[in-house]
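Participant: No letters, just coordinates:
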């Protein structure tokens, strides 16, 4: 615990950073201040400081700026400083407008409402239980629950009408807040637990159906506020006096937790989960030091403290089952590690087969992670590094700032799973079949690399893969995978436009919205690429074109571009126009259009966009000979939206 003098010193340094317009230092100091103090005065001070640097945070730290509207039936104004800070520390800048108290119906359904005129990027919908299902407390009071199911059904119908009405008019991302399960009712603790129609059970059922509704609406995520309230303590979640006096639904001590929960839910709509967890071994995956204690001396298994490490191993196995790639980065002798996994197999929840790559040597760990990123064709911002050694953690933080670093608590190993699960590293609003297949695909990638090393030429290698590309409407991919690709693909992405599900549907209805699925002799890579385009007169404009980095260099990007061009030509286009907008990460796609015979026509100084064009009347874009195409012969999968428009 810092003394008040030390706290004041951080505040003074933060004020100095603001005066110097040093965004990075200010954010770091703001994080330090809130780590030691959540006093309202410190939160307000931090919010004011960081808000004054919004432009610099956006420009120099790459924060995403979002026009954000809050639709509400409760008071939210006192929470806004905490929301601003939580957003900034998650690398967002929120320009917030708060809607009228209780005017949510008009705002969501009226095309001329303040919400509609604001043209938001993101919307928080915060409605209290009595607003959306106010009859439930009385209906549940007798323990019989007559009419409860009807009230829940009517509530879902009303909310669905609100959300779908807004979605039809706006592509803004939506976060819909659920309801907190009541802590005290007239039935008492025993009645609440044993009567099926108790109010807590009714609210849980309501939340489940609200979450299902949100899953059915594009770019809408359910915020499980009850989960946060339960973790914090429902008895302390709401200050009853303040709620009755001012309709403030969250107690002041929970402002920070609540704001972080809102931002975490919002992030699931803008950021894909990290894909790789790199774990150390000694005092992390197991207790003790293998080189000193030997395989029999390390702590793992069902007895304490070994079971603390076993819980971590089980957590990693669960991550792997949903497609998170596990790797080992350890300073050890590889032969000793393999022996330990063999001898202690019955005490470990993981085998070496669970890991897609091993970096076991005495080399620098930051360099090992760089090599892993290169071999897996993933950006460093896809990685989470877990290690017990504070020096190793600091080296990785300093040299690889994109990597998320978690220092394992050596003295309290039972806390590691909690530390990881409370972070948003692996949050996902949906899990696709391609996510589930990711581990197998990366193992197949290693087999391809081995084959490539033995081939005499690139063409021989590519021909030997037996690549099959299948083109599908983005709406059949399913749509969730298409939106996921748009959200997370950075390296081979010519514009990096983060289109929502509603916008993809719009392209499918009035233009082209295609994904490409790839299969070869080593397995199914799944949906790995997407293109959005629209004809305007005799010109086809490519809005988005992206490809998973793990399949770059096999000609798949050429096959997808040729497919888009062929559709455009059939619809009457005489030329195809594309843009390249440079970012910090998309250098691999910089020469994409020029490599395919497009001519540069202009450069936009304000956006940095380079515009290219290809004359479809004088040349044909052809797919590589080594790729077998499916889904484009007579447009067999679906009628092309372009042809029908």
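Facilitator: Done, it's in. For clarity, every value in this text was computed on a predicted model and none was experimentally measured. Numbers count the residues shown, from 1 in each chain.
Participant: For the spatially most distant residue from the centre of the chain, give me phi and psi.
Facilitator: Relative to the centre of the chain, and counting by C-alpha atoms, centre = their mean, the farthest-placed residue is residue 142 at 43.4 Å. The phi/psi pair for residue 142 (degrees, to the nearest 10) reads phi -90, psi 0.
Participant: next one: residue 286
Facilitator: In this entry, residue 286 is assigned phi and psi values of phi -140, psi 170 (degrees, to the nearest 10).
Participant: How about the contacts made by the closest residue to residue 315 other than its chain neighbours?
Facilitator: In this structure, residue 315 finds its nearest non-sequential neighbour in residue 417, 4.7 Å apart by C-beta to C-beta, 6 or more residues apart in numbering. Backbone N, C-alpha and C define where each C-beta goes, glycine included. Residue 417 makes contacts with 311-312, 315, as judged by C-beta atoms under 8 Å, 6 or more residues apart in numbering.
Participant: From the contact counts, what lies against the longest helix along the chain?
Facilitator: Longest among the helix segments of the chain by residue count, using DSSP state H, is helix 148-169. When contacts are defined as 3 or more C-beta pairs under 8 Å, 6 or more residues apart in numbering; DSSP states H and E, helix 148-169 packs onto helix 104-109, helix 129-133, helix 136-140, strand 173-177, helix 199-215.
Participant: ok, now which ones touch residue 343?
Facilitator: 295-296.
Participant: Which residue, other than its chain neighbours, is closest to residue 355?
Facilitator: Spatially, and ignoring its direct neighbours in sequence, residue 355 is nearest to residue 326 (4.9 Å; C-beta to C-beta, 6+ apart).
Participant: Make sure I have this right: that neighbour is in a strand.
Facilitator: Yes. According to DSSP: H, G, I helix; E, B strand; the rest coil, residue 326 belongs to a strand.
Participant: Count the neighbours of residue 474 for me.
Facilitator: When neighbours are counted by other C-beta atoms under 10 Å, residue 474 registers 27.
Participant: Next, the contact list for it, please.
Facilitator: Neighbouring residues of residue 474 by C-beta under 8 Å, 6+ apart: 482, 504, 507-508, 513-515, 530, 532.
Participant: Which parts of the stretch 251-400 of the chain are helices?
Facilitator: Per DSSP state H, counting those that start in this stretch, the stretch 251-400 of the chain carries helices over the ranges 255-267, 290-293, 306-321, 334-343, 365-376, 390-399.
Participant: Determine which stretch of those is the most buried.
Facilitator: Neighbour counts averaged per stretch over those are highest for helix 255-267, at a mean of 22; criterion: mean count of other C-beta atoms under 10 Å.
Participant: which of the residues in the one helix or strand the residue nearest to residue 315 maps to are buried?
Facilitator: With elements delineated by DSSP states H and E, residue 417 resides in helix 416-421, which encompasses its position. Of all the residues in helix 416-421, those buried under the rule 16 or more other C-beta atoms under 10 Å are 416-417, 420.
Participant: Just give me the closest of these to residue 271.
Facilitator: residue 420 (17.1 Å; C-beta to C-beta).
Participant: if I read this right, that closest one contacts residue 386, doesn't it?
Facilitator: Yes. If you go by C-beta atoms under 8 Å, residue 420 and residue 386 touch, sitting 7.4 Å apart.
Participant: And the strands in the stretch 1-150 of the chain?
Facilitator: Counting by DSSP state E, counting those that start in this stretch, the segments of the stretch 1-150 of the chain that form strands are 64-72, 92-98, 122-126.
Participant: got a markdown table for the ones you listed, with mean neighbour count too?
Facilitator: As requested, the strands of the stretch 1-150 of the chain are arranged in a markdown table below (neighbours: other C-beta atoms under 10 Å):
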| stretch | mean neighbour count |
| --- | --- |
| strand 64-72 | 22 |
| strand 92-98 | 19 |
| strand 122-126 | 24 |
